[in-house]
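Novice: sequence first, predicted model second:
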Amino acid sequence: MAREIPLERIRNIGIMAHIDAGKTTTTERILYYTGISHRLGEVDEGTATMDWMVQEKERGITITSAATTCYWRDYRINIIDTPGHVDFTVEVERSLRVLDGAIAIFCAVGGVEPQSETVWHQARKYGIPCLAFINKMDRTGASFIKAVEEMREKLNTNALPVQIPIGEEENFKGVIDLVKMKAITWEEEDLGTKPRIGEIPSELVKEAREYRERLIEGASEADDRLMEEYLKGEEIGEELLKRGIRKGTLSATLIPVLCGAAIKNKGIQSLLNTIVDYLPSPIDIQAVEGINPIDQNKEKRKASDSEPFSALAFKIATDPHVGNLTFFRVYSGSVKAGSYIYNASRDKTERVARILQMHANKRRSREEVYAGDIAACIGLKNTKTGDTLCDEGRPICLETIHFPEPVISVAIEPKTKKEEEKLSESLARLAEEDPTFRVKIDKETSQTIISGMGELHLEIIIDRLLREFKLEAQVGKPQVAYKETITKEAKATAKFIKQTGGRGQYGVVSLEVIPSEGFTFEDRIKGGVIPKEYIPSIERGIREACESGILAGYPVINVKIILYDGSFHEVDSSDIAFKMAGSLAFKDAVSKAKPVLLEPVMSIEVVVPEKYLGDVIGDLNSRRGKIEELGTRGRAKTVKAFVPLGEMFGYATSLRSLTQGRATHSMEFDHHAPVPEKIRESMLK
């Protein structure tokens, strides 16, 4: 089956924002105006197409990223709608890894909110060109100018309006297109399906000209011809200006800013036109790079159907009807249903039983997918999130996806002994879907411990166990995922020697531990005092010892280990002897290096009416919070603070009580910090 849409007419985009900025509502309007949906889905009513999970409908939030495809002006737009809640940041991370462009949605009232900053920096990390859509222009307190200024200040970006609003708050009627210099308005009677294009209101002509001048000036920096015409004082045509804006967007030197009110069906068609005009196609993106697993040389794959097949699996999902679904992005070549592909990350050959084009939780079969496509397949048994799928004759390993560590844990057990095995299998399937969800067995208590990114994250997991897997479980109180680290350098030598007749064990290891960012192991053995084949065993022993630290059994982080000496026996030395010696030497060195206990510290922002500000600050102080900044957002006050996670359980309920339900808050992990001495002593008793 031949390719339906040329590669240059494909747009792979993500929609990202702070929670409640209107991502899903905007996506629903896009689906409606492109003809994919024949009714307007509403988040508040639980009828949104993209929020298909029961838990999403009940809570009115997006929990899992959902993929869909629509068509506009003969372009195919593959969209991934991502969650805004920080507990589900994994969904944003893995989606951005495989996308070519993104729409960042900002609330016209709230401006740049904490999770807006987080997802923006995630997009910047992957170098993804972005558009900004300032939503909720119809809300009381809406300010387009303030939102644009916050983008420039907080995100350190060149935000350039390509539209300005006609009115704000209850007077918001439409937008002025600064490229065409026309006014666009929408009528609520026809659900905004027929934009009215007319002349700019006379009272806004001067302002529109000023903004267009700034837009031309910003776009000319990316396009030499536009710069030349601009400096000559020539009239800048629509096509030339569009070309300059597109070049600036692709190079990330400017961010086109639009505005609208998705809930009132205003501004969506303009947004679709801007996606097509300014965001990249797969061929606008640099060739993807990877490593050949055979010779370890770097290789590239261009976005072309004629190149060898390469793709990245970015999500695993459990479907009750078809089993495991593997979502993947094709970077080069093509693959047919029923064919065999090679998983270069795990050295396994897999069969693609079926290929599916996804529309949220609905799907249609496809015979073949091509470069630039995002699809799902059935039949891959060994593939995990972040694995590279490719042509076995031309293997390549693409850069995988890195995920944050969990910060909260609870103990879980089934209601009956009979369900122990079922619980274990169900948790394993959920962990396969979500790389930030971890399951382990506590060696001392034999309890099953599940870990995640926050209280809501684990609440959803437990709810899914009940609804999807028909499994009731008893859950303990939330526990903080503490860590351990060292504060100074130390050396240690350990021996593991057993020689009592017959084949014995012999391994001697000398190493040094140094405070560092991350975990690194360095081999500085000289002169053959330890044969090279035993070095990996020493590292394994050290890594295992790292999992349960010296002070309270928590993992050790931020340490560099240097192996510098040791000795071996020609007969008695073995892998197990050096593994044990490495583990013992590491524990001894850490105990000498002034180990400390670390706790996760959260960055929190509270938006609160001024009359409750003192109560909120007092409550945060009582939780060992450190107030960083007080500000104003519309008619409300904002409080930014750092607070230990261990003090924040049940905070949402307390905040509602303190403010009669009129405050909102957002919280995300920021850093680890040493536990205060008194609290540490009580924990170690």
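Specialist: Everything's here; your move. Everything numeric here is computed off the predicted structure, so don't read it as measured data.
Novice: so which bits of stretch 250-259 are buried?
Specialist: The neighbour-count check on stretch 250-259 (16 or more other Cβ atoms under 10 Å) flags Leu250, Ala252, Thr253, Leu254, Ile255, Pro256, Val257, Leu258, Cys259 as buried. C-betas here are computed from N, CA, C, even on glycine.
Novice: residues contacting the third one?
Specialist: Right, the one you point to is Thr253. Asn158, Glu221, Ala222 (Cβ atoms under 8 Å, 6 or more residues apart in numbering).
Novice: report the buried members of the residues you listed.
Specialist: Neighbour-count burial (16+ other Cβ under 10 Å) is assigned, among those, to Glu221, Ala222.
Novice: nearest to Asp619, of the contacts of Thr253?
Specialist: Top of the list for closeness to Asp619, among these and by Cβ to Cβ, is Asn158 at 39.1 Å.
Novice: residues in contact with Ala545?
Specialist: In this structure, Ala545 makes contact with Val556, Gly582, Ser583, Phe586, Lys587, judged by Cβ under 8 Å, 6+ apart.
Novice: got the phi and psi for Ala411?
Specialist: Ala411 adopts backbone torsions of phi -90, psi 140, taken as degrees, to the nearest 10.
Novice: for beta bridges, what are the partners of it?
Specialist: When assigned by DSSP bridges, Ala411 has beta-bridge partners Ile449.
Novice: what's around it, how many residues?
Specialist: 16 (other Cβ atoms under 10 Å).
Novice: correct me, but it touches Gln447?
Specialist: Yes. Using Cβ atoms under 8 Å, Ala411 is in contact with Gln447, at 4.5 Å.
Novice: quick one on the thing from earlier: I'd like the contacts of Thr253 as CSV, with secondary structure, pLDDT and distance to Arg662 appended.
Specialist: Shown next, in CSV, are the contacts of Thr253 (DSSP: H, G, I helix; E, B strand; the rest coil; pLDDT from 0 to 100; distance: Cβ to Cβ, whole Å):
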residue, secondary structure, pLDDT, distance to Arg662
Asn158, coil, 93, 36
Glu221, coil, 92, 45
Ala222, coil, 91, 45
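Novice: quickly name whichever of the contacts of Thr253 is closest to Pro674.
Specialist: Among those, and counting by Cβ to Cβ, the member closest to Pro674 is Asn158, at 39.5 Å.
Novice: which residues touch the closest one?
Specialist: Per Cβ under 8 Å, 6+ apart, neighbours of Asn158: Arg152, Gly218, Thr253, Leu254, Ile255.
Novice: among the contacts of Ala545, who's most crowded?
Specialist: Of the contacts of Ala545, with other Cβ under 10 Å as the count, Gly582 tops at 30 neighbours.
Novice: what's the closest non-adjacent residue to Leu356?
Specialist: Spatially, and ignoring its direct neighbours in sequence, Leu356 is nearest to Arg363 (4.2 Å; Cβ to Cβ, 6 or more residues apart in numbering).
Novice: please, which helix or strand holds that neighbour?
Specialist: Assigned by DSSP states H and E, Arg363 belongs to strand 362-366.
Novice: average pLDDT for that strand?
Specialist: Mean pLDDT, strand 362-366: 83.
Novice: which helices and strands does the helix or strand immediately after that strand in the chain pack with?
Specialist: Once strand 362-366 ends, the next helix or strand along the chain (criterion: DSSP H and E) is strand 368-370. Contact here means 3 or more Cβ pairs under 8 Å, 6 or more residues apart in numbering; DSSP states H and E; on that basis strand 368-370 packs against strand 334-336.
Novice: what about the stretch 501-650 of the chain, any weak spots by pLDDT?
Specialist: 501-502 (pLDDT under 70).
Novice: which parts of the stretch 151-300 of the chain are strands?
Specialist: 159-161, 163-166, 174-177, 182-185, 196-198, 255-259, 288-291, 298-301 (DSSP state E, counting those that start in this stretch).
Novice: give the pairing partners of the first one; include direction for each.
Specialist: In other words, strand 159-161. Partners of strand 159-161 in its sheet, by DSSP bridges: strand 255-259 (parallel).
Novice: and the partner strand, how far out from the chain middle?
Specialist: 22 Å (Cα atoms, centre = their mean, to the nearest Å).
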